[in-house]
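Enquirer: Sharing a model that was predicted from the sequence below.
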Amino acid sequence: MPTSKMTKESEQTSLRPNRRTFGKAVLAGALGGAAAFSSVAEAAKESRPSEDKTRDSRSRAGDRGMKLALMLRPENPQSWVLAHQIGVNHAIVPLSAVLEKINRQDYLDTLTKIKADYEAAGLSIAGVESHPVAAEKIKLGLPGRDEEIANYCAIVEALGKVGIPMCCYNFMAGIGWYRTKVDVPERGGALTSEFDNQAAQQQGLTEWGTISEEKIWDNLAYFLKRIIPTAEKAGVKMALHPDDPPISPLRGIGRILTSAEAFRRVLRIVPSDVNGIAFCQANFKLMGEDIEALVKEFGGQGKIFFVHLRDVRGTRERFHETFHDNGPTDMARMLKLYHDVGFRGPIRPDHAPTLVSESNERPGYAMQGKVFAIGYMKGITEALNIPVE
């Protein structure tokens, strides 16, 4: 498969399940749960509740827990059905494909209908992701960015009015999330993605040429000083995603969200209860950071608004995605830590390998791997008595 450039707007998969693929997806979830129970068996002996202390009783005690979620596109309602069938009650929704076709005065009515459609399928929208409206001029600092910011403010206001509490966004200018290969064999021949910085450098500059980190920082500050006050009034949390991969420059473009200190700087630019972090666990690991210490730091401050649970093997210079159960990170320990620091927002599995018989058209976002990951996460949380909703 040729080298691939991938953006957050294009990362989600299209699901058109038939009986055969649905059966395989359910099997994947069952196997995921079994793998999770195996990995936390000893911990479960100490923390598993007695039979009368069920998840329902924990909910009645007042701790509803983290919100287990999946990325579910508006145009693929069959995926909503599958998500609800495997016990997922919360959706993270990419909106750009819908909102790019309408004027901002229609945002509120459109969101109201979308929210009602998901709720009719048994799903609560826990947040939106992947820039709900166009933002490339904002990130690059091009003429027209003020109009994009006006659209962004309008959609954040509409999110607040309909009760959607979180917007996950990134500031990867010119290039979104990026891999140099998308067909690397993983366990059993499943296909996963890889980044190799040497291969990326050989591809040369993008159409945007060379852009300094200082310029990107200026552009981000310009945006934050305008969007955060709007988000405060709307009651919408703005969750900033790290650069993926966390390396700078990438094909000539400065990447700034490549360290924990960069996020501390972001929080200082516009101090606010709604200025926070989408904690993409694998990216912080690739930065060389102590991810457990960061969860305690940012989670303790209430600044983790959203979690992407995934794993990688390698360094920021070269790495590949793993399954959720066979990477180097102790996922059971991380899930317990998120709970222990008080995180109760949405958490979703991200970038799962593509399994047998699935299309690899959108690498990392085929459905069977996500079903497996949900089963794995459910197994861990049940074994460790971690409430989720």
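Expert: Nice, thanks for sending it over. All figures in this text were calculated on a predicted structure; none of them were measured in a lab.

Enquirer: contacting residues for T258?
Expert: P242, D243, P246, I247, S248, M287, R316 (CB atoms under 8 Å, 6 or more residues apart in numbering). C-beta coordinates here come from the backbone N, C-alpha and C atoms, glycine included.

Enquirer: for this structure, what helix or strand is lowest in average pLDDT?
Expert: helix 55-60 (a mean of 40; mean pLDDT, DSSP states H and E).

Enquirer: Run through the strands of the stretch 101-250 of the chain in chain order.
Expert: 124-129, 166-170, 181-185, 191-196, 237-241 (DSSP state E, counting those that start in this stretch).

Enquirer: and the third one, what does it pack onto?
Expert: Same thing as strand 181-185. strand 191-196 (3 or more CB pairs under 8 Å, 6 or more residues apart in numbering; DSSP states H and E).

Enquirer: what angle separates the strand it packs on from strand 181-185?
Expert: 120 degrees (axes from the mean of the first three to the mean of the last three CA atoms, to 10 degrees).

Enquirer: isn't D350 right next to H308, touching?
Expert: Yes - under the criterion of CB atoms under 8 Å, D350 makes contact with H308 at 4.1 Å.

Enquirer: the more surrounded of those two?
Expert: Neighbour totals were compared for D350 and H308, and D350 leads with 26 against 23 (other CB atoms under 10 Å).

Enquirer: Please report how far the more buried one lies from L224.
Expert: For D350, the distance to L224 equals 24 Å [CB to CB, to the nearest Å].

Enquirer: go on, V388?
Expert: Distance from V388 to L224, counting by CB to CB: 31 Å.

Enquirer: what stretches of the stretch 51-200 of the chain score poorly on pLDDT?
Expert: Within the stretch 51-200 of the chain, the stretches with pLDDT under 70 are 51-62.

Enquirer: ok, which stretches of it are helices?
Expert: 55-60, 77-85, 96-99, 107-120, 136-140, 145-162, 197-202 (DSSP state H, counting those that start in this stretch).

Enquirer: I'd like to check the angle between the second one and helix 107-120, please.
Expert: Going by the same axes, to 10 degrees, helix 77-85 is angled at 50 degrees with respect to helix 107-120.

Enquirer: G188: what's it in contact with?
Expert: V356.

Enquirer: what about V156, neighbour count?
Expert: Neighbours of V156 under the rule other CB under 10 Å: 27.

Enquirer: Surely it is in contact with T230?
Expert: Yes - the pair V156 / T230 is scored as a contact, 5.3 Å apart, by CB under 8 Å.

Enquirer: Quick check, A158 in contact with L108.
Expert: Yes - using CB under 8 Å, A158 is in contact with L108, at 4.4 Å.

Enquirer: In the stretch 251-389 of the chain, where is pLDDT below threshold?
Expert: Ranges of the stretch 251-389 of the chain meeting pLDDT under 70: none found.

Enquirer: mind checking how far C167 is from I256?
Expert: C167 is 19 Å from I256, by CB to CB.

Enquirer: neighbours around G252, how many?
Expert: The burial count for G252: 16, using other CB under 10 Å.

Enquirer: Against N326, how distant is the closest residue to it other than its chain neighbours?
Expert: Spatial nearest neighbour of G252, chain neighbours left out: L205 (4.1 Å); criterion: CB to CB, 6 or more residues apart in numbering. Applying CB to CB, the value for L205 to N326 is 36 Å.

Enquirer: ok, now C167?
Expert: 32 Å.

Enquirer: So the two - more neighbours on which side?
Expert: C167 (29 against 13).

Enquirer: Report the contact partners of that one.
Expert: C167 neighbours (CB under 8 Å, 6+ apart): G127, V128, E129, P132, V156, L159, A231, V236, K237, M238, A239.

Enquirer: So what sits opposite the closest residue in space to the first one that isn't next to it in sequence in the bridge?
Expert: The spatially closest residue to G127, leaving aside those adjacent along the chain, is M166, at 3.4 Å (CB to CB, 6+ apart). Here M166 sits in beta bridges with K237, going by DSSP bridges.

Enquirer: Check the gap between M166 and V236 for me.
Expert: On the measure of CB to CB, M166 and V236 end up 7 Å apart.
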